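Enquirer: Take a look and give me a structure for this.
(2 chains, ligands or ions: 1)
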Amino acid sequence: MAQSIQETQEELIDEFGLFDDWADKYEYLIDLGKKLPSLSEAFKTEENVIKGCQSRVWLHAERRGDLIVFEADSEAVIVKGMISMLIRVLSNHTAQEIMQADLYFIDQIGMSQHLAQTRSNGLVSMVKQMKNYALAFSAK
Amino acid sequence: MTLDIHKIRQDFPVLDQQVNGAPLIYFDNAATTQKPKSVIDALSHYYASDNANIHRGIHALAERATTAFELTRTKLKDFLNAPSSDQVILTSGTTASINLVAQTFGRANFSKGDKILISNLEHHSNIVPWQMIAEEKGAVIEVIPVDEDGVLDVAAYRNLLDATVKLVAVNHVSNAIGTINPIAEMIELAHAHGAKVLIDGAQSVAHLEVDVQALDIDFFAFSAHKLFGPTGVGVLYGKRELLESMPPYQGGGEMIKEVSFEGTTYNELPYKFEAGTPNIADVIAFSAAIDYVNGFSKEVLFKQELALLAYATEQLKAIPGLRIIGNAPDKIAVISFVMDGLHPQDMGVLLDKFGIAIRTGHHCVQPLMKRFGLLGTCRASFAFYNTFEEIDLFVKALRRTINMLQ
Ligand SMILES: Cc1ncc(COP(=O)(O)O)c(C=O)c1O
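Expert: Numbers count the residues shown, from 1 in each chain, chains lettered A, B, ... in the order given. Predicted coordinates:
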C-alpha cells in the first residue's frame, strides 16, 4: 500500500516549510490548483455540488476494492489548490482511515483560514462530505 | 472647505492597524462603514453611566436613557428633513424596515393581481420581503430593467406603470455597482399613477443629501451601520397618513396602549411599530454618528469620494483584461470589476494577504449578477477617509495578485 495519511501530511508540511513568505506559499498553492485535473463534466452534477456562498466545489467519490478514491474540482483556483492537497491526503485510503483522519497539516502549513471561511468556499462541507462518503461506504 | 484626511483618519481608530503585516486598507465601505471614536465612546458611556430601560421607568437613569434615545430620533428627523419625529421609526436595519412595510402596508393594501415594481438593481433585502407578501396576497412582482452600464431603463419603467401598481420599491443607490437612480423623477411618475414608493436608502445616506419632503418619498429605509453608526439600528421614515393607516407589525410591550384579554388598543406613532425593548445603546450611539457627519458638508465629502473614484477607475481601466461592471454616469464611489479568467474569490483572498479589504461575491444581488452573466465581482467601495496613496497601493497589489493567478 502507498503511504499513510500521516506520512502525506508530513510531506506537505515539509514542502510548505521551504517557503518563507506568504506569496511563495500561495504561488505554490495556486500551482497545485492549476495542476489538479478538472473533474469530468459528467461528475459535475447537482448531486455532487457543494455550494459555497462565493464558489462551488464538486466532489465525486468511488470505491476501488477496499479503497475510496476522490476526485474534486472548484471554480476558484486557491480552493482548488486546497482540494488538491485534501485529495492527496485522503484519496486511496480505506473508509476507516478516512473517517479517523485528523487533518492537522492544514493548520501547520498556515492555511486554516480557508477552512474557517465556512460559508464562502465550501471546503469545510467538502471535508465533511468526504468523511460521510467513507461512513456510507463502510456501512455497505 | 478642504478636508484634512490625515486628521479625519485619526477619528477612526480601526484604520490604524496592520493586517497580515501590511497597513490595513479598508475598501469595503459599502458593506459597512467604520465608526468614529465619538460613536464608540458614546456606546461605552451609555453602558457605563446611563443604562436603563426606556419609556417606562421614572427613575433618573430611565429618564436619561429615554431622553438620549429620543434625541436620536429628533436628529434623524432633521437629517431626513421629516415633518415630525414620530414619523421616524427605529428598527434593526434596512432589512427590518423593508419587511415592516411589506408585512403592514403590503398586507393591508396588496390584493390579487396588484403589481409591485422593483428594479434589477435591488439587494435581496428589497426583493425577498416583496416576494413573500406577494405570494401570500397573489400580487405580482415586475422588474425594471437596467442597461449595459447599469443604468435603470426609465422608459421601460414608464411602460410598467399603470393603475394596478400599488408600490414601487427601488434603491436610491445600487450597492453592487454604485448607480445613483433618478428617484425624484421615478417618484413623480409613480405618484402620477397612484402608486406609493419605498426608497431603499442603505447606500445613499452616507453620500447624498436626502430630503424626504422635497422628494415626496412615501417610505425611506436605511441602516445606521452604513452611516458610520453602530450595527443593529435601522430607520424607517413614512408619511404620516400611511403609517397611521397601517396595521401594527409585531405585537408586544411598548407598542400597546391598553391590553386586556378581550382586546388591545395600540400605541400611537412611532411606538406602534416598535414592540419590545429596542436596541437602546446603539440607537443612542448613532446620535454621535449623525453629529459626526453633520460636522462636514456632505457635498465636500462626496466630492472627495468622487475624486477617489475617478482616480481608481482610471488606474483599473489600464489593467489588461479587467472589466468594470457598472459605468453609470451618476455613481457613488463603488467600483465593481472582474478579470477575464480569474475568480473574484481568489482575488479577494490574495488582496487580503496584502492587508486590503474588498468585497467579492454576488453582493446579495444575484439577479443583477445574472443580468451581467456573472456569478460575482470584486468590489472596492470608498469612504471619505480613504486616500489616493491607498489606491496606489491597492492597484499595485491588484496587479501582483493578477500576476500570481494568471
Ligand atoms: C442597497 C441595500 N439594501 C439593503 C441592505 C441591507 O441592509 P442591512 O443588512 O443593514 O439590513 C444593504 C446592505 O448591504 C444594501 O446595500
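Enquirer: Pull the residues that contact stretch B:311-331.
Expert: Stretch B:311-331 has contacts (C-beta atoms under 8 Å, 6 or more residues apart in numbering or on different chains) with B:149-151, B:174, B:176-180, B:309, B:334-341, B:372, B:374, B:377, B:380, B:382, B:388, B:391-392, B:394-395, B:398-399, B:402. For the C-beta atoms, the positions are set from N, CA and C on the backbone; glycine is no exception.
Enquirer: again with stretch B:7-18
Expert: Residues contacting stretch B:7-18 (C-beta under 8 Å, 6+ apart): B:23-24, B:26, B:34-38, B:40, B:292, B:355, B:384-385, B:387.
Enquirer: Please indicate which of the contacts of stretch B:311-331 are buried?
Expert: Listed as buried from the contacts of stretch B:311-331 are B:150-151, B:174, B:176-180, B:309, B:334-339, B:372, B:374, B:377, B:380, B:382, B:391, B:394-395, B:398, B:402; burial here means 16 or more other C-beta atoms under 10 Å in any protein chain shown.
Enquirer: For the lengthiest helix in chain A, what is the distance to the chain centroid?
Expert: In chain A, assigned by DSSP state H, the helix with the most residues is helix A:123-139. Here helix A:123-139 is found 11 Å from its chain centre; the criterion is C-alpha atoms, centre = their mean, to the nearest Å.
Enquirer: What count of nearby residues applies to B:R56?
Expert: 11 (other C-beta atoms under 10 Å in any protein chain shown).
Enquirer: Was I right to think it contacts B:A62?
Expert: Yes: using C-beta atoms under 8 Å, B:R56 makes contact with B:A62 at a distance of 6.7 Å.
Enquirer: mind checking pLDDT for B:V205?
Expert: Turning to B:V205, the model gives it a pLDDT of 98.
Enquirer: Now do the same contact list for residue 84.
Expert: All of this is about chain A. Contacts of A:S84 (C-beta under 8 Å, 6+ apart): A:32-33, A:35-36.
Enquirer: wait, I meant chain B there
Expert: B:77, B:240.
Enquirer: Let me know the pLDDT of it.
Expert: 98.
Enquirer: filter the buried ones among the contacts of stretch B:311-331 down to the ones near chain A?
Expert: Among these, none lies close to chain A by the criterion of C-beta under 8 Å from any C-beta of the partner chain.
Enquirer: one step back: Serialize the contacts of A:S84 to a markdown table and add fields for pLDDT, secondary structure and distance to B:Y249.
Expert: Converted to a markdown table, the contacts of A:S84 look like this (pLDDT from 0 to 100; DSSP: H, G, I helix; E, B strand; the rest coil; distance: C-beta to C-beta, whole Å):
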| residue | pLDDT | secondary structure | distance to B:Y249 |
| --- | --- | --- | --- |
| A:L32 | 97 | helix | 52 |
| A:G33 | 97 | helix | 49 |
| A:K35 | 97 | helix | 56 |
| A:L36 | 96 | coil | 51 |
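Enquirer: Where neighbours are concerned, which of these has the most?
Expert: Neighbour max across the contacts of A:S84 (other C-beta under 10 Å) = A:G33, 22 neighbours.
Enquirer: ok, that one touching A:A72?
Expert: No: using C-beta under 8 Å, A:G33 is not in contact with A:A72; the gap is 11.2 Å.
Enquirer: returning to that earlier point: which ones among the contacts of stretch B:7-18 map onto strands?
Expert: B:23, B:26 (DSSP state E).
Enquirer: Which of the contacts of stretch B:7-18 are buried, as a PyMOL select command?
Expert: Buried residues among those (16+ other C-beta under 10 Å), as a PyMOL selection:
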select buried, chain B and resi 24+26+34+35+36+38+40+292+355+384+385+387
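Enquirer: tell me the pLDDT at B:K298?
Expert: 94.
Enquirer: list the contacts for it?
Expert: B:207-209.
Enquirer: Which members of those are classed as buried?
Expert: B:207-208.
Enquirer: So which of the buried ones among the contacts of stretch B:311-331 are in helices?
Expert: Per DSSP H, the buried ones among the contacts of stretch B:311-331 map to helices at B:309, B:391, B:394-395, B:398, B:402.
Enquirer: where do the contact lists of A:G33 and A:A72 overlap?
Expert: With C-beta under 8 Å, 6+ apart, A:G33 and A:A72 have common neighbours A:I83.
Enquirer: Report the central residue of chain B.
Expert: B:A202 (1.1 Å; C-alpha atoms, centre = their mean).
Enquirer: show me what contacts the closest residue to it other than its chain neighbours?
Expert: Among residues not flanking B:A202 along the chain, B:T94 sits closest, at 4.4 Å (C-beta to C-beta, 6 or more residues apart in numbering or on different chains). Contact partners of B:T94, counting by C-beta under 8 Å, 6+ apart, are B:123, B:125, B:200-202, B:221-223, B:234.
Enquirer: Which pLDDT value belongs to the residue sitting furthest away from the middle of chain B?
Expert: Distance from the centre of chain B peaks at B:E262, with 40.7 Å (C-alpha atoms, centre = their mean). For B:E262, the model assigns a pLDDT of 88.
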